[in-house]
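**Q** fold the following for me, if possible:
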Amino acid sequence: MIYRYPDYYRDFRCIAGDCRDNCCKGWEIDIDSDTADYYAAVKGSFGERLRSSIKNGSFVLTADQRCPFLNSSGLCDIYTELGGDKLCKICSDHPRFYEWFGSFKEGGIGLCCEAAAELILSRPFLLREEEAPPEDAAGEYDEELLSMLLRARDEMFAALEREDIPLWEALCRILDIAAEIQDCLDMPFPDSSAELPCSGTLGSFFACLSELEPIDESWQPYISACAEKLSSAAPHESGQDILLRRLGAYFIYRYLLKSVYDGQVLGYAKFAVFSLIIIDRLCRLAEEGCTADRCAGIAKNYSKETEYCEENMAELLERFGQEPCFGTLSLKSLIAASFPENVDGN
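**A** Just a heads-up that it's a prediction; the model follows:
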């Protein structure tokens, strides 16, 4: 089996207590069965603490939504007491993600982690391959469709990487490539033929974000405040294109092949484009300007509120197929207005 991953994947390191956010706060932390069995057998006072902190297969969060083993230094008591190999699977894997197919497996690091976001933005997107032990595919899929998706994804990567293609054109190509494949499937993805004014489309995008289930209580007030200032956003800076291209490659890599199982090719392409439009606008609204570090922080917060909530991702994909503001023509108009023509390498 081939294991494929981005070049930066092996360089990820958790920064633990130095993280300004924390993956041990605000999340329900499920415990896999093997780890639960081990925790049930841990002896002594720490074993008693473990068992008293678990209910219905998850850790019981504190009143301020912290994992009960997250200490005041931002470190994990399970890690320090029992060792890193005794963490439950979700904690040891995070922010890593994996997808399994018949002849290959893909992995990466998720944008919702501060250290991962900075790493993703720090270098061009490049895939590596190595041999790995065989593993089962995640489900039944069509081999021909998977081959089509792999070729399409390569075309999308190439559009994002080419120095002579402006960002707006690369994003339009991504939508066109996805639409062509979608038209070939027996699982159509609805797409509005309306072309709405850009100002109204952007406002609808932010309204949509404000209606999703919040993960962090500060997110919705922040989005609402930004929505009120959309007209006063700073002009798009071509220097940001290199960062947006890398983010685009991340979203395409992580999501496009999922459509081999659910057929939502155009939906996942729209999510990538929608994400770049939102992240770019939030960067332009940053009061102190947007450095690469601030862009990473903004992208991390956006990721946490969208792709790291199954309900929110399902809601977005449904809206992408139903609401006129998410139609391909409306998206293309907004892309052209958001990213004026310039040639910027990555």
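**Q** now stretch 51-71: mean pLDDT?
**A** For stretch 51-71, the mean per-residue pLDDT is 90.
**Q** tell me where the stretch 101-250 of the chain has strands.
**A** Using DSSP state E, counting those that start in this stretch, the strands of the stretch 101-250 of the chain run over 104-109, 127-131.
**Q** was I right to think residue 265 contacts residue 180?
**A** No: with contact defined as Cβ atoms under 8 Å, residue 265 does not count as touching residue 180 (9.1 Å). The C-beta positions use only the backbone N, C-alpha and C, and glycine is treated the same way.
**Q** higher neighbour count, these two?
**A** Each of residue 265 and residue 180 has its neighbours counted (other Cβ atoms under 10 Å); residue 265 has more, 29 against 13.
**Q** low pLDDT regions in this structure?
**A** 342-346 (pLDDT under 70).
**Q** please report phi then psi for the residue of it positioned farthest from its centre.
**A** Within the chain, the residue lying farthest from the chain centre (Cα atoms, centre = their mean) is residue 44, at 40.2 Å. Backbone torsions for residue 44, taken as degrees, to the nearest 10, come to phi 80, psi -170.
**Q** shared neighbours of residue 265 and residue 180, anything?
**A** Counting by Cβ atoms under 8 Å, 6 or more residues apart in numbering, the contacts common to residue 265 and residue 180 are residue 152.
**Q** stretch 231-242: how far from the chain's middle?
**A** 21 Å (Cα atoms, centre = their mean, to the nearest Å).
**Q** can I see the domain layout of the chain?
**A** Domain assignment for the chain, taken from automatic domain parsing, gives 2-6+94-131, 24-92, 143-338.
**Q** for residue 142, give its distance to residue 267.
**A** 17 Å (Cβ to Cβ, to the nearest Å).
**Q** between these two, point out the one with more neighbours.
**A** The neighbour count for residue 142 versus residue 267, taken as other Cβ under 10 Å, is higher for residue 267 (25 against 14).
**Q** next SSE after whichever helix or strand the more buried one is part of?
**A** Using DSSP states H and E, residue 267 maps to helix 265-284. The helix or strand immediately downstream of helix 265-284 is helix 292-305, counting by DSSP H and E.
**Q** so which elements touch that next one?
**A** In terms of contacts (3 or more Cβ pairs under 8 Å, 6 or more residues apart in numbering; DSSP states H and E), helix 292-305 is packed against helix 114-120, helix 219-227, helix 241-255, helix 265-284.
**Q** after that helix, which helix or strand is next?
**A** Using DSSP H and E, the helix or strand that follows helix 292-305 towards the C-terminus is helix 310-322.
**Q** can you pull the contacts of residue 216?
**A** Residues near residue 216 by Cβ under 8 Å, 6+ apart: 26, 301, 304-305.
**Q** just to revisit the earlier point, out of the strands of the stretch 101-250 of the chain, which one sits most buried?
**A** Among these, strand 104-109 has the highest mean neighbour count (mean count of other Cβ atoms under 10 Å), at a mean of 20.
**Q** how far does that strand sit from its chain's centre?
**A** Per Cα atoms, centre = their mean, the centroid offset for strand 104-109 relative to its chain is 14 Å.
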